[in-house]
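*Asks:* with the sequence up front, the predicted model follows.
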Amino acid sequence: MSRLSIMAYTFGTLFFLVSCSFSIVYGYKVVTHDLPDKQATAEKYNYHFVLVPEELDNEYWRLVEKGAQTAAKDYGVMLEYVGPKQANIDDHLKTIEMSAASKVDGIMTQGLSDEQFTPLINRVVAGGIPVITVDTDAANSNRMAYIGTDNYYSGFLAGKALIADKLGKANVAIITGSFYANHQQQRVKGFKDAVKKEKGIHIIDVEESEISRVKAAEKAYQILKDHPEVNAFYGTSALDGIGIAQVVEKYKKQDQVYIIGFDTLPETIDYIRRGTIKATVVQEPFEMGYSAVKMMIDLIKGESVPSVVHTDTRILRIVDLPVSQLDRKVENR
Ligand code: BGC
(Lines give C-alpha, C1' and ligand atoms only; values in the text may rest on other atoms or scores of the structure.)
Protein backbone atom coordinates (compact mmCIF):
# COMPACT_ATOMS: atom_id res chain seq x y z
CA MET A 1 0.00 0.00 0.00
CA SER A 2 1.39 3.40 -0.91
CA ARG A 3 1.83 6.07 1.79
CA LEU A 4 -0.94 8.07 0.18
CA SER A 5 -3.42 5.25 0.36
CA ILE A 6 -2.48 4.53 4.02
CA MET A 7 -3.17 8.20 4.89
CA ALA A 8 -6.44 8.21 2.96
CA TYR A 9 -7.48 4.99 4.70
CA THR A 10 -6.62 6.36 8.18
CA PHE A 11 -8.53 9.62 7.53
CA GLY A 12 -11.50 7.72 6.20
CA THR A 13 -11.63 5.49 9.28
CA LEU A 14 -11.28 8.46 11.65
CA PHE A 15 -14.02 10.37 9.82
CA PHE A 16 -16.30 7.36 9.99
CA LEU A 17 -15.73 6.92 13.75
CA VAL A 18 -16.30 10.62 14.51
CA SER A 19 -19.55 10.77 12.53
CA CYS A 20 -20.74 7.58 14.21
CA SER A 21 -20.23 9.04 17.67
CA PHE A 22 -22.04 12.26 16.63
CA SER A 23 -25.01 10.29 15.36
CA ILE A 24 -25.14 8.23 18.53
CA VAL A 25 -24.91 11.23 20.87
CA TYR A 26 -27.41 13.45 18.97
CA GLY A 27 -29.67 10.55 18.05
CA TYR A 28 -29.97 9.71 21.75
CA LYS A 29 -30.73 13.35 22.56
CA VAL A 30 -33.50 13.52 19.97
CA VAL A 31 -35.14 10.35 21.24
CA THR A 32 -34.85 11.19 24.92
CA HIS A 33 -35.19 14.98 24.94
CA ASP A 34 -38.50 14.79 26.88
CA LEU A 35 -37.22 12.50 29.53
CA PRO A 36 -35.41 14.87 31.88
CA ASP A 37 -38.52 17.12 32.13
CA LYS A 38 -40.76 14.21 32.96
CA GLN A 39 -38.41 12.95 35.60
CA ALA A 40 -38.12 16.43 37.06
CA THR A 41 -41.95 16.73 37.11
CA ALA A 42 -42.35 13.40 38.84
CA GLU A 43 -39.72 14.35 41.38
CA LYS A 44 -41.10 17.83 41.94
CA TYR A 45 -44.73 16.93 42.61
CA ASN A 46 -46.26 14.52 45.09
CA TYR A 47 -49.70 14.44 43.44
CA HIS A 48 -51.52 15.45 40.29
CA PHE A 49 -54.99 16.94 40.88
CA VAL A 50 -57.53 18.52 38.57
CA LEU A 51 -59.99 21.28 39.40
CA VAL A 52 -62.93 21.45 36.98
CA PRO A 53 -65.17 24.54 37.35
CA GLU A 54 -68.36 25.20 35.42
CA GLU A 55 -66.77 28.23 33.72
CA LEU A 56 -63.03 28.69 33.41
CA ASP A 57 -62.74 32.45 33.09
CA ASN A 58 -65.41 33.34 35.61
CA GLU A 59 -63.90 35.72 38.17
CA TYR A 60 -65.44 33.78 41.03
CA TRP A 61 -63.84 30.55 39.83
CA ARG A 62 -60.51 32.26 39.34
CA LEU A 63 -60.59 32.90 43.12
CA VAL A 64 -61.28 29.21 43.79
CA GLU A 65 -58.38 28.41 41.47
CA LYS A 66 -56.13 30.88 43.28
CA GLY A 67 -56.82 29.16 46.60
CA ALA A 68 -56.22 25.74 45.05
CA GLN A 69 -52.97 26.84 43.37
CA THR A 70 -51.73 28.34 46.64
CA ALA A 71 -52.34 25.05 48.44
CA ALA A 72 -50.82 23.15 45.51
CA LYS A 73 -47.64 25.19 45.92
CA ASP A 74 -47.60 24.69 49.67
CA TYR A 75 -48.00 20.91 49.41
CA GLY A 76 -46.13 20.03 46.22
CA VAL A 77 -49.16 19.25 44.08
CA MET A 78 -49.40 19.66 40.31
CA LEU A 79 -52.80 21.30 39.88
CA GLU A 80 -54.54 21.59 36.54
CA TYR A 81 -57.44 24.00 36.19
CA VAL A 82 -59.50 22.83 33.20
CA GLY A 83 -63.11 23.08 32.08
CA PRO A 84 -65.54 24.83 29.74
CA LYS A 85 -64.60 28.34 28.68
CA GLN A 86 -68.24 29.31 29.05
CA ALA A 87 -70.74 27.38 31.15
CA ASN A 88 -71.61 24.19 29.25
CA ILE A 89 -72.77 21.01 30.95
CA ASP A 90 -71.56 18.59 28.24
CA ASP A 91 -68.06 20.09 28.21
CA HIS A 92 -67.99 20.05 31.98
CA LEU A 93 -68.88 16.35 32.12
CA LYS A 94 -66.43 15.53 29.31
CA THR A 95 -63.60 17.29 31.15
CA ILE A 96 -64.28 15.19 34.25
CA GLU A 97 -64.31 12.00 32.11
CA MET A 98 -61.03 12.94 30.42
CA SER A 99 -59.35 13.76 33.72
CA ALA A 100 -60.38 10.38 35.08
CA ALA A 101 -59.14 8.65 31.93
CA SER A 102 -55.75 10.27 32.33
CA LYS A 103 -55.53 8.73 35.81
CA VAL A 104 -54.99 11.84 37.87
CA ASP A 105 -54.71 11.39 41.64
CA GLY A 106 -57.83 13.39 42.50
CA ILE A 107 -60.64 15.42 40.91
CA MET A 108 -62.31 18.48 42.44
CA THR A 109 -65.45 19.70 40.74
CA GLN A 110 -69.05 20.80 41.25
CA GLY A 111 -71.90 18.35 41.65
CA LEU A 112 -74.26 20.33 39.48
CA SER A 113 -77.05 17.81 39.12
CA ASP A 114 -78.17 14.42 40.37
CA GLU A 115 -79.18 13.25 36.90
CA GLN A 116 -75.85 13.73 35.16
CA PHE A 117 -73.14 14.45 37.71
CA THR A 118 -73.99 11.81 40.32
CA PRO A 119 -73.60 8.75 38.01
CA LEU A 120 -70.38 10.15 36.55
CA ILE A 121 -68.89 10.93 39.97
CA ASN A 122 -69.83 7.40 41.11
CA ARG A 123 -68.08 5.86 38.08
CA VAL A 124 -64.93 7.91 38.67
CA VAL A 125 -64.82 6.99 42.37
CA ALA A 126 -65.46 3.31 41.56
CA GLY A 127 -62.47 3.52 39.20
CA GLY A 128 -60.27 4.47 42.16
CA ILE A 129 -60.03 8.24 41.71
CA PRO A 130 -61.23 10.30 44.68
CA VAL A 131 -63.66 13.13 43.95
CA ILE A 132 -64.33 16.14 46.17
CA THR A 133 -67.22 18.41 45.29
CA VAL A 134 -66.53 22.13 45.65
CA ASP A 135 -69.05 25.00 45.75
CA THR A 136 -71.93 22.74 44.68
CA ASP A 137 -72.58 19.38 46.25
CA ALA A 138 -73.90 16.19 44.69
CA ALA A 139 -74.93 14.98 48.13
CA ASN A 140 -76.39 11.70 46.85
CA SER A 141 -73.23 10.68 45.03
CA ASN A 142 -70.25 8.72 46.35
CA ARG A 143 -68.01 11.82 46.38
CA MET A 144 -65.61 11.61 49.27
CA ALA A 145 -66.34 15.09 50.64
CA TYR A 146 -67.95 18.46 49.91
CA ILE A 147 -66.44 21.83 50.69
CA GLY A 148 -68.34 25.03 50.02
CA THR A 149 -71.27 27.20 50.97
CA ASP A 150 -74.37 25.76 52.57
CA ASN A 151 -76.38 26.87 49.58
CA TYR A 152 -79.83 26.50 51.13
CA TYR A 153 -78.73 28.50 54.17
CA SER A 154 -77.16 31.20 51.99
CA GLY A 155 -80.47 31.66 50.16
CA PHE A 156 -82.27 31.76 53.49
CA LEU A 157 -79.88 34.47 54.71
CA ALA A 158 -80.57 36.49 51.55
CA GLY A 159 -84.30 36.25 52.19
CA LYS A 160 -83.91 37.41 55.80
CA ALA A 161 -81.71 40.32 54.67
CA LEU A 162 -84.34 41.43 52.16
CA ILE A 163 -87.09 41.27 54.79
CA ALA A 164 -84.99 43.39 57.16
CA ASP A 165 -83.95 45.96 54.55
CA LYS A 166 -87.36 46.34 52.88
CA LEU A 167 -89.25 46.22 56.19
CA GLY A 168 -91.25 43.21 55.07
CA LYS A 169 -92.65 44.78 51.89
CA ALA A 170 -91.39 44.00 48.39
CA ASN A 171 -92.34 42.71 44.96
CA VAL A 172 -89.38 40.53 44.14
CA ALA A 173 -87.94 39.16 40.90
CA ILE A 174 -85.34 36.42 41.16
CA ILE A 175 -82.64 35.97 38.55
CA THR A 176 -80.90 32.67 39.08
CA GLY A 177 -77.73 31.41 37.41
CA SER A 178 -79.38 28.18 36.33
CA PHE A 179 -82.63 26.27 36.77
CA TYR A 180 -80.62 23.06 36.34
CA ALA A 181 -77.91 23.37 38.99
CA ASN A 182 -78.34 22.01 42.54
CA HIS A 183 -76.83 25.01 44.30
CA GLN A 184 -78.85 27.58 42.38
CA GLN A 185 -82.06 25.67 43.13
CA GLN A 186 -81.13 25.61 46.82
CA ARG A 187 -80.37 29.32 46.88
CA VAL A 188 -83.82 30.00 45.43
CA LYS A 189 -85.53 27.54 47.79
CA GLY A 190 -83.80 28.93 50.88
CA PHE A 191 -84.86 32.44 49.88
CA LYS A 192 -88.48 31.44 49.21
CA ASP A 193 -88.67 29.61 52.55
CA ALA A 194 -87.29 32.64 54.39
CA VAL A 195 -89.90 35.01 52.94
CA LYS A 196 -92.90 32.70 52.69
CA LYS A 197 -94.53 33.84 55.93
CA GLU A 198 -94.10 37.52 55.11
CA LYS A 199 -97.47 38.76 53.86
CA GLY A 200 -95.94 41.87 52.30
CA ILE A 201 -93.39 39.99 50.17
CA HIS A 202 -94.43 38.67 46.77
CA ILE A 203 -92.27 36.78 44.32
CA ILE A 204 -93.36 38.06 40.93
CA ASP A 205 -91.01 36.26 38.55
CA VAL A 206 -88.05 33.85 38.46
CA GLU A 207 -85.74 33.95 35.43
CA GLU A 208 -82.47 32.27 34.45
CA SER A 209 -79.20 34.00 33.45
CA GLU A 210 -77.05 30.99 32.44
CA ILE A 211 -74.48 32.59 34.79
CA SER A 212 -73.96 35.36 32.21
CA ARG A 213 -73.99 39.01 33.20
CA VAL A 214 -75.33 40.01 29.78
CA LYS A 215 -78.25 37.59 30.10
CA ALA A 216 -78.89 38.75 33.66
CA ALA A 217 -79.07 42.34 32.37
CA GLU A 218 -81.44 41.33 29.54
CA LYS A 219 -83.69 39.49 31.98
CA ALA A 220 -83.69 42.41 34.41
CA TYR A 221 -84.63 44.81 31.62
CA GLN A 222 -87.49 42.55 30.48
CA ILE A 223 -88.76 42.10 34.02
CA LEU A 224 -88.85 45.84 34.66
CA LYS A 225 -90.75 46.28 31.40
CA ASP A 226 -93.24 43.44 31.98
CA HIS A 227 -93.71 43.93 35.72
CA PRO A 228 -93.39 47.59 36.65
CA GLU A 229 -94.48 46.68 40.19
CA VAL A 230 -91.14 44.87 40.79
CA ASN A 231 -89.09 46.86 43.29
CA ALA A 232 -86.56 44.25 44.44
CA PHE A 233 -84.22 41.80 42.74
CA TYR A 234 -82.42 38.79 44.10
CA GLY A 235 -79.52 37.51 41.94
CA THR A 236 -78.31 34.05 42.95
CA SER A 237 -74.94 33.77 41.18
CA ALA A 238 -71.87 35.99 41.05
CA LEU A 239 -72.65 37.96 37.88
CA ASP A 240 -76.43 38.27 38.27
CA GLY A 241 -76.35 41.19 40.71
CA ILE A 242 -73.88 43.02 38.45
CA GLY A 243 -76.07 42.56 35.35
CA ILE A 244 -79.17 43.71 37.25
CA ALA A 245 -77.30 46.74 38.66
CA GLN A 246 -76.22 47.83 35.16
CA VAL A 247 -79.85 48.00 34.05
CA VAL A 248 -81.07 49.65 37.23
CA GLU A 249 -78.41 52.38 36.93
CA LYS A 250 -79.07 52.83 33.21
CA TYR A 251 -82.74 53.58 33.90
CA LYS A 252 -81.89 55.58 37.03
CA LYS A 253 -83.97 53.38 39.28
CA GLN A 254 -81.46 53.03 42.11
CA ASP A 255 -83.80 54.70 44.59
CA GLN A 256 -86.81 52.59 43.71
CA VAL A 257 -85.23 49.19 43.20
CA TYR A 258 -83.51 47.11 45.87
CA ILE A 259 -80.88 44.57 44.77
CA ILE A 260 -79.38 41.72 46.73
CA GLY A 261 -76.76 39.59 44.97
CA PHE A 262 -74.10 37.00 45.56
CA ASP A 263 -70.35 37.25 46.03
CA THR A 264 -67.87 40.06 46.42
CA LEU A 265 -66.26 40.55 43.02
CA PRO A 266 -64.68 44.01 42.59
CA GLU A 267 -67.61 45.22 40.46
CA THR A 268 -70.11 44.04 43.07
CA ILE A 269 -68.24 45.97 45.72
CA ASP A 270 -68.27 49.08 43.50
CA TYR A 271 -72.04 48.81 43.08
CA ILE A 272 -72.45 48.38 46.83
CA ARG A 273 -70.24 51.39 47.45
CA ARG A 274 -72.38 53.45 45.06
CA GLY A 275 -75.54 52.20 46.76
CA THR A 276 -76.97 50.38 43.72
CA ILE A 277 -76.54 46.87 45.15
CA LYS A 278 -77.80 47.04 48.72
CA ALA A 279 -76.54 43.70 50.01
CA THR A 280 -74.63 40.64 48.90
CA VAL A 281 -74.10 37.12 50.18
CA VAL A 282 -70.40 36.62 50.90
CA GLN A 283 -68.87 33.28 49.98
CA GLU A 284 -65.29 32.09 50.51
CA PRO A 285 -64.05 30.88 47.10
CA PHE A 286 -60.31 31.12 47.94
CA GLU A 287 -60.85 29.09 51.10
CA MET A 288 -62.87 26.47 49.14
CA GLY A 289 -60.03 25.96 46.67
CA TYR A 290 -57.30 25.90 49.30
CA SER A 291 -59.05 23.47 51.63
CA ALA A 292 -60.21 21.20 48.80
CA VAL A 293 -56.58 20.50 47.86
CA LYS A 294 -55.61 19.98 51.49
CA MET A 295 -58.56 17.62 52.03
CA MET A 296 -57.70 15.64 48.92
CA ILE A 297 -54.17 15.05 50.21
CA ASP A 298 -55.51 13.95 53.60
CA LEU A 299 -57.92 11.55 51.89
CA ILE A 300 -55.19 9.99 49.79
CA LYS A 301 -53.03 9.57 52.89
CA GLY A 302 -55.93 7.72 54.51
CA GLU A 303 -56.59 10.38 57.12
CA SER A 304 -60.16 11.04 58.16
CA VAL A 305 -61.85 13.97 56.45
CA PRO A 306 -65.32 15.34 57.31
CA SER A 307 -67.78 14.52 54.56
CA VAL A 308 -69.21 18.07 54.55
CA VAL A 309 -67.32 21.27 55.29
CA HIS A 310 -69.40 24.44 55.05
CA THR A 311 -67.38 27.56 54.44
CA ASP A 312 -68.43 30.86 55.98
CA THR A 313 -71.46 32.69 54.57
CA ARG A 314 -72.69 36.12 55.60
CA ILE A 315 -74.39 39.26 54.35
CA LEU A 316 -72.39 42.36 53.43
CA ARG A 317 -73.87 45.85 53.07
CA ILE A 318 -72.31 49.27 52.52
CA VAL A 319 -71.93 49.75 56.28
CA ASP A 320 -69.71 46.66 56.39
CA LEU A 321 -67.22 47.98 53.84
CA PRO A 322 -63.86 49.03 55.20
CA VAL A 323 -63.15 52.73 54.81
CA SER A 324 -60.42 51.93 52.24
CA GLN A 325 -63.05 50.42 49.97
CA LEU A 326 -65.43 53.32 50.43
CA ASP A 327 -62.70 55.59 49.08
CA ARG A 328 -61.78 53.40 46.16
CA LYS A 329 -61.96 54.84 42.67
CA VAL A 330 -64.50 53.25 40.36
CA GLU A 331 -62.66 50.59 38.39
CA ASN A 332 -63.81 47.65 36.27
CA ARG A 333 -66.65 49.54 34.62
C1 BGC B 1 -71.49 30.33 42.37
C2 BGC B 1 -70.75 29.55 41.34
C3 BGC B 1 -71.06 30.06 39.96
C4 BGC B 1 -70.78 31.54 39.88
C5 BGC B 1 -71.23 32.07 38.54
C6 BGC B 1 -71.24 31.80 42.23
O7 BGC B 1 -72.07 32.50 43.10
O8 BGC B 1 -71.15 29.91 43.68
O9 BGC B 1 -71.12 28.20 41.39
O10 BGC B 1 -70.34 29.38 38.98
O11 BGC B 1 -71.51 32.21 40.91
O12 BGC B 1 -70.88 33.39 38.31
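*Replies:* Everything's here; your move. Numbering: from 1, shown residues only.

*Asks:* list the buried ones in stretch 51-62?
*Replies:* 51-56, 58-62 (16 or more other CB atoms under 10 Å). The way it works is simple: take the backbone N, C-alpha and C, and place the C-beta from them, glycine included.

*Asks:* can that stretch be found next to the ligand?
*Replies:* Yes - contact between stretch 51-62 and the ligand, assessed by CB under 6 Å from any ligand atom, occurs at 54-55, 58, 60.

*Asks:* rewinding a little: Asp298: which of the buried residues of stretch 51-62 is nearest?
*Replies:* The closest of these to Asp298 turns out to be Leu51 (CB to CB; 16.6 Å).

*Asks:* list the contacts for the closest one?
*Replies:* Contacts for Leu51 (CB atoms under 8 Å, 6 or more residues apart in numbering) come out as 64-65, 68, 79-82, 108-109, 134, 289, 292.

*Asks:* let's see which of those residues end up in strands.
*Replies:* If you go by DSSP state E, these have 79-81, 108-109, 134 in strands.

*Asks:* would you reformat the contacts of Leu51 as JSON lines and include neighbour count and distance to the ligand?
*Replies:* Below are the contacts of Leu51 laid out as JSON lines (neighbours: other CB atoms under 10 Å; distance: CB to the nearest ligand atom, whole Å):
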{"residue": "Val64", "neighbour count": "27", "distance to the ligand": "9"}
{"residue": "Glu65", "neighbour count": "20", "distance to the ligand": "12"}
{"residue": "Ala68", "neighbour count": "30", "distance to the ligand": "15"}
{"residue": "Leu79", "neighbour count": "24", "distance to the ligand": "19"}
{"residue": "Glu80", "neighbour count": "16", "distance to the ligand": "18"}
{"residue": "Tyr81", "neighbour count": "20", "distance to the ligand": "14"}
{"residue": "Val82", "neighbour count": "13", "distance to the ligand": "15"}
{"residue": "Met108", "neighbour count": "29", "distance to the ligand": "13"}
{"residue": "Thr109", "neighbour count": "29", "distance to the ligand": "11"}
{"residue": "Val134", "neighbour count": "30", "distance to the ligand": "9"}
{"residue": "Gly289", "neighbour count": "30", "distance to the ligand": "12"}
{"residue": "Ala292", "neighbour count": "27", "distance to the ligand": "14"}
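
*Asks:* which element follows whichever strand or helix holds Glu267 toward the C-terminus?
*Replies:* Assigned by DSSP states H and E, Glu267 belongs to helix 266-273. Toward the C-terminus, helix 266-273 is succeeded by strand 279-282 as the next helix or strand (DSSP H and E).

*Asks:* so what strands line up beside that following strand?
*Replies:* strand 258-262 (parallel), strand 314-317 (antiparallel) (DSSP bridges).

*Asks:* average pLDDT for the shortest one?
*Replies:* For strand 314-317, mean pLDDT is 98.

*Asks:* so which bits of it are buried?
*Replies:* In strand 314-317, counting by 16+ other CB under 10 Å, buried: 315-316.

*Asks:* around the ligand, pick out the residues from the stretch 201-333 of the chain.
*Replies:* Listed as neighbours of the ligand in the stretch 201-333 of the chain under the rule CB under 6 Å from any ligand atom: 211, 237-239, 262-263, 283.
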